[in-house]
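Novice: I need the structure of the sequence given here:
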Amino acid sequence: MDINFNKNEDHNKLLLSDLKRKLQKVKLGGGEKRIEKHKSKGKLTARERIAYLFDDNTKSIEIGAFAGDDMYQEHGGCPSGGVVVKIGYVKGKQCIVVANDATVKAGAWFPITGKKNLRAQEIAIENKLPIIYLVDSAGVYLPMQDEIFPDKEHFGRIFRNNAIMSSMGITQISAVMGSCVAGGAYLPIMSDEALIVDKTGSIFLAGSYLVKAAIGETIDNETLGGATTHCEISGVTDYKSKDDKDALDTIKNIMDKIGDYDKAGYNRITSKEPAKDENEIFGLLPKARNEQYDMLDIIERLVDDSEFEQYKEGYGQTILTGYARIDGWAVGIVANQRKLVKTKKGEMQFGGVIYNDSADKATRFIANCNQKKIPLVFLQDVTGFMVGSKSEHGGIIKDGAKMVNAVSNSVVPKFTIVVGNSYGAGNYAMCGKAYDPRLIAAWPSAELAVMSGNSAAKVLLQIETASLKKKGEEITPEKEAELFEKIKSKYDKQISPYYAAARIWTDGVINPLDTRTWISMGIEAANHAPIEKQFNLGVIQV
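Specialist: Numbering: from 1, shown residues only. Okay, the predicted model is just below:
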């Protein structure tokens, strides 16, 4: 291996180490003291509940681990959005679990909590995947109620989705393992079956203090809405559990009896590990985001037996398209080629840029995968579409629109991994969040923005200096350099993969070595939902 490989490896493994450190912090939720207080009540933490519920020695993936990261600091923060969401297996059946973390503001709902819950329900709806709610929440975080309560994509949408999923036949099971108050009380009762833990679980539209204030009635919370009340008097809940583990055991027993599901029928054979060492990804991926490298080297370390059948190999070379398998599943891969390529016409094309021919090639390949019922995997490292008179006269907007059209109308499940750059319209064409990938994850090396930090900072600097000059300020070279660094520093923070993950623009920042698991479990989830419509491009400019 050459010196550049070693430098790249050191850099990327430091990024991975930083990812692991951040995840460890996130998993502490509200902190060790609050965890101790929570457990002193005889309760398991949200993560312990999920771990107990899931089958032993099986894989799982966490959605939105970094939701709320570095947000709401004036309110004390909201680690992981105050809710843990994981896809895993209960009694051999794949499902998604949503567990409130009561160590974070008593499980109260911040705006990002609502967005994360809706994302979990979206995954369940798209994939017709059973969903289990482990409820332990004080309800809406009142200081921010205007940002979580009234709008279409706010708190109330959760209950609308409960009703929609019920009509679709998607299994929903709720266990009330702590507080469940006000509007939140509807969630477990709109599920198929509801459990409640004795003495620690409670459900009511208004707690004892509010009842006293509103109607003058004096009553304690346990009598008002505890397990005995709802299992033996109101009939609101279906199962009374003595403790957390008893409730989780009941859920396991319910899941064990669920019948098989109709399958979409995606092709799968026995899985094979990549023939080439996956760990070499860290040395192959360049330290600098503007350096060239061969994306084919990355693909060969992600796919089964390192076999990749290229489609139109010699045409439109700044996008790689082809067929492969990931953990046995057949996939069609659309990936940005990041090395400088020479066309048959003798022209040079920059890696990471989408040209007319590469957009045309990708469009046709996406159509082929839809016809053959093959899930699509997008590997993003894209700076955008090619600009300039030659591209414009050649109709780059038209060819780009065709590709966006194909991605938008694709009916097979799509999965997106942001390997490196994800800039501008390139993000859209390569199936960014707005284009409904079933799952979208970023590597620690990723950057998501309208344009790179350097380019954006230069543009913003010109605007800022022009404004200051109008005010009569003298802009020295030193002042200009200071302004540039200030602007770039702010922009660089915004293009970080953690900034995107905090706002759920992606489902998470992941170890590159976990990519195969994310895609495999994602396709398995998608296999629960047979395709119900045909692929149709609609009206396009030819």
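Novice: going forward, measure contacts between C-alpha atoms and count neighbours the same way
Specialist: Fine.
Novice: Please enumerate the strands of the stretch 1-150 of the chain.
Specialist: Remark: strands assigned in the stretch 1-150 of the chain by DSSP state E, counting those that start in this stretch are 61-63, 83-90, 93-100, 131-137.
Novice: what do you get for the stretch 401-542 of the chain?
Specialist: Under DSSP E, counting those that start in this stretch, the stretch 401-542 of the chain gives strands at 414-423, 439-442, 447-449.
Novice: now for the second one, which elements pack on it?
Specialist: When you say that, I think you mean strand 439-442. Here strand 439-442 is seen to pack against strand 414-423, helix 515-526 when contacts are counted using 3 or more C-alpha pairs under 8 Å, 6 or more residues apart in numbering; DSSP states H and E.
Novice: one more time with 10 Å
Specialist: Strand 439-442 sits against strand 61-63, strand 376-382, strand 414-423, helix 497-502, helix 515-526, with contacts defined as 3 or more C-alpha pairs under 10 Å, 6 or more residues apart in numbering; DSSP states H and E.
Novice: G283: which of these is closest?
Specialist: G283 lies closest to strand 414-423 among the helices and strands packed on strand 439-442, at 13.7 Å (C-alpha to C-alpha).
Novice: Could you dump the strands of the stretch 1-150 of the chain into TSV and include mean neighbour count?
Specialist: Shown next, in TSV, are the strands of the stretch 1-150 of the chain (neighbours: other C-alpha atoms under 10 Å):
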stretch	mean neighbour count
strand 61-63	21
strand 83-90	25
strand 93-100	24
strand 131-137	25
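Novice: a markdown table for the ones you listed, including distance to E480?
Specialist: Listed next are those as a markdown table, based on distance: least, C-alpha to C-alpha, whole Å:
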| stretch | distance to E480 |
| --- | --- |
| strand 61-63 | 42 |
| strand 83-90 | 44 |
| strand 93-100 | 48 |
| strand 131-137 | 50 |
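Novice: quick one, which of those is nearest to D70?
Specialist: Per C-alpha to C-alpha, nearest to D70 of these: strand 83-90, 15.6 Å.
Novice: Compute the inter-axis angle for that closest one and helix 515-526.
Specialist: Angle between the axes of strand 83-90 and helix 515-526 is 80 degrees (criterion: axes from the mean of the first three to the mean of the last three C-alpha atoms, to 10 degrees).
Novice: on that earlier part again, reformat the strands of the stretch 401-542 of the chain as JSON lines; add distance to H11.
Specialist: Below are the strands of the stretch 401-542 of the chain laid out as JSON lines (distance: least, C-alpha to C-alpha, whole Å):
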{"stretch": "strand 414-423", "distance to H11": "14"}
{"stretch": "strand 439-442", "distance to H11": "17"}
{"stretch": "strand 447-449", "distance to H11": "15"}
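Novice: three-state assignment of A324?
Specialist: strand (DSSP: H, G, I helix; E, B strand; the rest coil).
Novice: Next, the contact list for K91, please.
Specialist: Residues near K91 by C-alpha atoms under 10 Å, 6 or more residues apart in numbering: 53-56, 251-258.
Novice: switch the cut-off to 7 Å
Specialist: Contacts for K91 (C-alpha atoms under 7 Å, 6 or more residues apart in numbering) come out as 55, 252, 255-256.
Novice: and N290, how many neighbours does it have?
Specialist: Residues lying near N290 (other C-alpha atoms under 10 Å) number 14.
Novice: how much space between it and G352?
Specialist: Using C-alpha to C-alpha, to the nearest Å, we find N290 at a distance of 9 Å from G352.
Novice: Give me the distance from stretch 370-388 to the chain's centre.
Specialist: 18 Å (C-alpha atoms, centre = their mean, to the nearest Å).
Novice: end-to-end on it?
Specialist: OK, stretch 370-388 end separation, C-alpha to C-alpha: 33 Å.
Novice: ditto for stretch 498-518
Specialist: For stretch 498-518, the end-to-end distance is 18 Å (C-alpha to C-alpha).
Novice: between the strands of the stretch 1-150 of the chain, which one is nearest to R268?
Specialist: That would be strand 93-100 among those, by C-alpha to C-alpha, at 16.7 Å.
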